[in-house]
Every structure is written in structure tokens, then in C-alpha cells.
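[1] Please work out how this folds:
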Amino acid sequence: MARHLMIAGHGRAGTTLFYNMLRETLKGFEIPPRETSALSTIGQPGDWVSKRPLDIFQIANIARANVRNKRIDLIVPLRDPRDILVSRHSAVPDDYFISADAMYFIGGADAPVPVMPGLLHIHEAIATVLKSGIFPQGVFLLKYEDLADDPDRIQQKLRDALDLKFEGHFSDFGAAEIPEDLKGPLNGIRPVEKARAKWRDDEHRARICDQFSRFPVLFDLLEQLGYEKDRNWFAPFMEWQAASGRRSKRLGLV
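    Numbering: from 1, shown residues only. Predicted coordinates for the structure are as follows:
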């Protein structure tokens, strides 16, 4: 049976890193040198890999377009929502790329513009797919932190769970040439680094305060994904926000 591996879910969650790891090591699949939608390849003969995070909204259409009755396996990238919210993209250097309610579109004449689904919309789509029954064999949930901390263990899990064949190791990422279209989202090519909670950096305090104050459902999402057990982590941010407000009043800025 022909196969299709589909990478769809959260953007800025290591999707391009993971896709390049597959391009360097996965055997027996056609893997385009650019981000490609599943709808454009599902009808092609042979085994394919597609990577387009927003394909998570097209799962039902992709299943209907599977005229060759391929086995479709879905890999859903996940990441600490706080790190997604503070992530940047080389195409939008002056702003955060994804917010709770919108994400930048970078492919049109007027781009970049924040008109695409945001983090919460994407997570809702993921939850809908997981409940849909379209993938009775299950969905592979890939946390960025696990991939960055131990890429070869994740490679082994993929080999076992999805019956894949590899040559080489994920941990050797960057040894092969990376196509030009896949370099931009990486924000620079470097060896795989251990995951770091960038959201804790002082420069992102205002961002975290803003997003979690305006979209409190994000607290629930953190707990659902296992990144926090309660809301105690937010207390220092509330203290910082209150202190910032007091300083602004003293300076006559508010």
C-alpha cells in the first residue's frame, strides 16, 4: 500500500527542523524541497511526505482526495504555547509571528499581514481531528521539546510507531545541504540545541502578560498539554505587570 506522511498542526513548533531531519534520513519517500500541501501530493503515485501546518484545517478534504487509498499518517507538532507566542519569523522581524487569535500570512503581495488562524484556532482544529476517527491507527503527537532534547529517541519512536526506514540520525541535522525555501523559517542553520524556555526571557514579559490576560483559556491549554499543573507560574508576571503600571503612573505615562 502506498503511503503519505502528513505534518500538520502548530507552526513555529519545529516543523521545518523536523521536516529537514526527515529529508536527510527518511528512505523510500518523496520529500519536496519546500513546504507542500497534502492536497497537492496525495493524488501522486508513490510514497510522499507533506509539510504544511495549516493542513490541519483540511484533513477531511485530504481524506476525500485520497483516490489512491494510501495509508495516511498524521504527525502533529506541538510546543509550549508560551514559546509559540514569543516566536519570531525572519519574514516578520519586527513582531511576534503567532498570537492567540491570529498569525501572519507571508505569501501574498501585501504580506506580511496577520490574517491567518491563531494558536487557539489551530489547537481547536487539532482537537477536532483527534476526535474525528479519520485516523483509527492514531496520530503521532510530536513535542518540539522532545525532538530538540533527544532527536534520536524521537527518530526511534517514529520508526517503531509508523514502520519507517531511516539512514543516518536526526541528531546529525545540518550535515546535508538545506534547500533555500526551507532555510527562512529556521532563522539560521545551526546544530540541534536543547529546548530552552525562551518565554521566560525578560524581553517577553509584556507579551506573556498581554496574551494570557486577554486570552485566559491559554492557561487551560498549558495544563491540557502537560506544560503546567496550575497557574502559579504566572504570579511573577502579574507582579511585574503591577510594578510596571506603578512606574508608568509615577512617570505620568498613563
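[2] make it CA atoms for all contacts and neighbour counts henceforth
    Noted.
[3] Check which helix or strand the nearest residue to K229 once chain neighbours are set aside maps to.
    Once flanking residues are discounted, K229 sits nearest to E223: 5.5 Å by C-alpha to C-alpha, 6 or more residues apart in numbering. Assigning secondary structure by DSSP states H and E places E223 in helix 217-224.
[4] mind listing what's buried in that helix?
    For helix 217-224, a neighbour-count test (16 or more other C-alpha atoms under 10 Å) marks L218, F219, L221, L222 as buried.
[5] Looking at those, which is nearest G46?
    For the buried residues of helix 217-224, the residue nearest G46 by C-alpha to C-alpha is L221; the value is 37.8 Å.
[6] Any idea how many residues pack against the residue lying closest to the closest one once chain neighbours are set aside?
    Excluding the flanking residues, the one nearest L221 by C-alpha to C-alpha, 6+ apart is P81, at 7.9 Å. By the criterion of other C-alpha atoms under 10 Å, P81 has 25 neighbours.
[7] Show the backbone phi and psi for P81.
    Backbone geometry at P81, expressed as degrees, to the nearest 10, gives phi -50, psi -30.
[8] What of the one 5 residues further on?
    The phi and psi torsions at V86 (degrees, to the nearest 10) take the values phi -110, psi 10.
[9] correct me, but it touches R207?
    Yes. Assessed by C-alpha atoms under 8 Å, V86 is found in contact with R207 at 7.1 Å.
[10] higher neighbour count, these two?
    Neighbour comparison, V86 and R207: the larger count goes to V86, with 22 against 17 (by other C-alpha under 10 Å).
[11] how much space is there between that one and F234?
    16 Å (C-alpha to C-alpha, to the nearest Å).
[12] show me the contacts for the closest residue in space to E193 that isn't next to it in sequence.
    Of all residues not flanking E193 in the chain, A148 sits nearest, at 6.1 Å (C-alpha to C-alpha, 6+ apart). For A148, the contacting residues are V192, E193, K194, A195, by C-alpha atoms under 8 Å, 6 or more residues apart in numbering.
[13] A148 in helix, strand or coil?
    What DSSP: H, G, I helix; E, B strand; the rest coil gives for A148 is helix.
[14] and if you look at Y104?
    strand.
[15] With P236 instead?
    State at P236, reduced to three classes by three-state DSSP: helix.
[16] Can you give me the pLDDT of it?
    P236 is assigned a pLDDT of 96 by the prediction.
[17] Please apply the same query to S244.
    pLDDT at S244 comes out at 76.
[18] My guess is the residue nearest to L221 contacts L222. True?
    Yes. Using C-alpha under 8 Å, P81 is in contact with L222, at 6.9 Å.
[19] returning to what we had before: quickly check the buried residues of helix 217-224 for the two that are furthest apart.
    L218 and L222 (6.3 Å).
[20] got any residues that touch both of those two?
    The overlap between the contact sets of L218 and L222 (C-alpha under 8 Å, 6+ apart) consists of P81.
[21] which residues in the stretch 1-150 of the chain form strands?
    Assigned by DSSP state E, counting those that start in this stretch, the stretch 1-150 of the chain shows strands spanning 3-7, 48-51, 71-78, 103-105, 113-116, 140-143.
[22] how far does stretch 49-65 stretch from start to finish?
    15 Å.
[23] If we go by neighbour counts, what in it is buried?
    49-57, 59, 62-63, 65.
[24] Cross those against helices and list the overlap.
    Members of the buried residues of stretch 49-65 lying in helices (criterion: DSSP state H): I59, I62, A63.
[25] Among these, which one sits closest to L39?
    I62 (5.6 Å).
[26] Please name the residues that touch the closest one.
    Taking C-alpha under 8 Å, 6+ apart, we find I62 in contact with A38, L39, I42.
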